[in-house]
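A.B. asks: when you get a sec, could you give me coordinates for this:
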Amino acid sequence: MPPATEAPLRLTAFARCAGCAAKMGPGELSRVLGALPAHQDARILVGRETFDDAAVVQLDAGLALVQTVDFFAPIVDDPYAFGQIAAANALSDVYAMGGEPLTALNLVGFPVGRLPHEVLAEILRGGQDKVHEAGALVVGGHSVVDEEVKYGLAVTGRVDPRRVLTNAAAHPGDRLVLTKALGTGILATALKRGWLEADVERRLVEQMARLNREAARAAADVGARCATDVTGFGLLGHASHVARASGVTLRIRAASVPVLPGARELLRRGASPGGAARNLEYVAPLTDWQAVDDETRALLADPQTSGGLLLALPEPAAADYLARVPTAVEIGCATAPGERQLVLE
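C.D. replies: Sure, this is the predicted structure:
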């Protein structure tokens, strides 16, 4: 009789809600933060008021710090790949502000006694390799015993105060550009259910582990001022923050928005992450849906993990940017403020 083989480790079995889909909904978060008094300080160039991606604190005329933190439960089963994705996701907040990452601190929750220590070592190795790829350093961290695996980073970066990217700098006439396809939340949900083909999983991991570094550098090269990264609140949630903070309406051509292969089919099978419903509830009163169908609405609200940058660029800069970033797609434009923050076409 052949010896019994152990079932392969499924890291996603240790996650009730995977990746950025685990975020509190934007509506819930708004209510919580709204109860807190805002602290005014001239050194804070970007704070929490506009739901931007990171804080920016000026140190002197030519230097500001970018500070952010992000962590979540496993979105893929391979520990090394999970570490890379979680790190890329956290680093993305610095890139979305036009910054350069400098240092990172590991944040770990781990079910000691339920998983071997080697699993955590691989997660940390994946994160460290991605941080080094970004040209930054892991300088420490903190861990707690948890029922779930959780991993992420607190990241500090630097930026020239005169070149900060913010979600509050879109202007009427700007073109909207997105640098990564949507659908990571749907595909990750399908992966957890065992529905994902190996080649689709490889594409998913590759996109989520890809740094937004080159996309951010190209933004600096073309003189961009407005950007955000698309993560747990979905494209529409983050776009609504741009619209509100900038005092504009964003018109999005739904058919132009890139979507990962297989996402629509898996959504029809029921692979919808829980965060999508919260995102849709939040943006519904802010959006003129026009003739956009329910499936497309769900895709546009899909919680993304390590998603791309959404930029608002003047028309000449947008053309230059599209020529520099092969994955970038123009998906709409900013207009003068109307009745709704978002208009879907």
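A.B. asks: where do the helices sit along the stretch 201-345 of the chain?
C.D. replies: Assigned helices in the stretch 201-345 of the chain, in chain order: 213-221, 234-246, 263-268, 274-283, 294-300, 315-324 (criterion: DSSP state H, counting those that start in this stretch).
A.B. asks: for the last one, buried residues please.
C.D. replies: To tie it back to what came earlier, the one meant is helix 315-324. Residues 317, 318, 320, 321, 322 are the ones in helix 315-324 that count as buried (16 or more other C-beta atoms under 10 Å). No exception for glycine: its C-beta is placed from N, CA and C like everyone else's.
A.B. asks: including distance to residue 242 and pLDDT, could the residues you listed go into JSON lines?
C.D. replies: Converted to JSON lines, those look like this (distance: C-beta to C-beta, whole Å; pLDDT from 0 to 100):
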{"residue": "317", "distance to residue 242": "16", "pLDDT": "98"}
{"residue": "318", "distance to residue 242": "15", "pLDDT": "98"}
{"residue": "320", "distance to residue 242": "20", "pLDDT": "98"}
{"residue": "321", "distance to residue 242": "16", "pLDDT": "98"}
{"residue": "322", "distance to residue 242": "19", "pLDDT": "98"}
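A.B. asks: just the residues contacting stretch 129-137, thanks.
C.D. replies: Residues from elsewhere that reach stretch 129-137 (C-beta atoms under 8 Å, 6 or more residues apart in numbering): 83-84, 87-88, 91, 100-104, 138, 153, 155, 157, 209, 211, 213.
A.B. asks: now which of these would you call buried?
C.D. replies: Buried among the contacts of stretch 129-137 (16+ other C-beta under 10 Å): 83-84, 87-88, 91, 100-102, 104, 138, 153, 155, 157, 209, 211, 213.
A.B. asks: so which of the residues you listed are in helices?
C.D. replies: With helices taken from DSSP state H, the overlap with the buried ones among the contacts of stretch 129-137 comprises 83, 84, 87, 88, 91, 209, 213.
A.B. asks: any idea how far stretch 255-275 is from the chain center?
C.D. replies: With C-alpha atoms, centre = their mean, to the nearest Å as the basis, stretch 255-275 stands 17 Å off its chain's centre.
A.B. asks: tell me which residues in that stretch are buried?
C.D. replies: For stretch 255-275, burial by neighbour count (16+ other C-beta under 10 Å) applies to 257, 259, 260, 262, 263, 266, 267, 271, 272, 273, 275.
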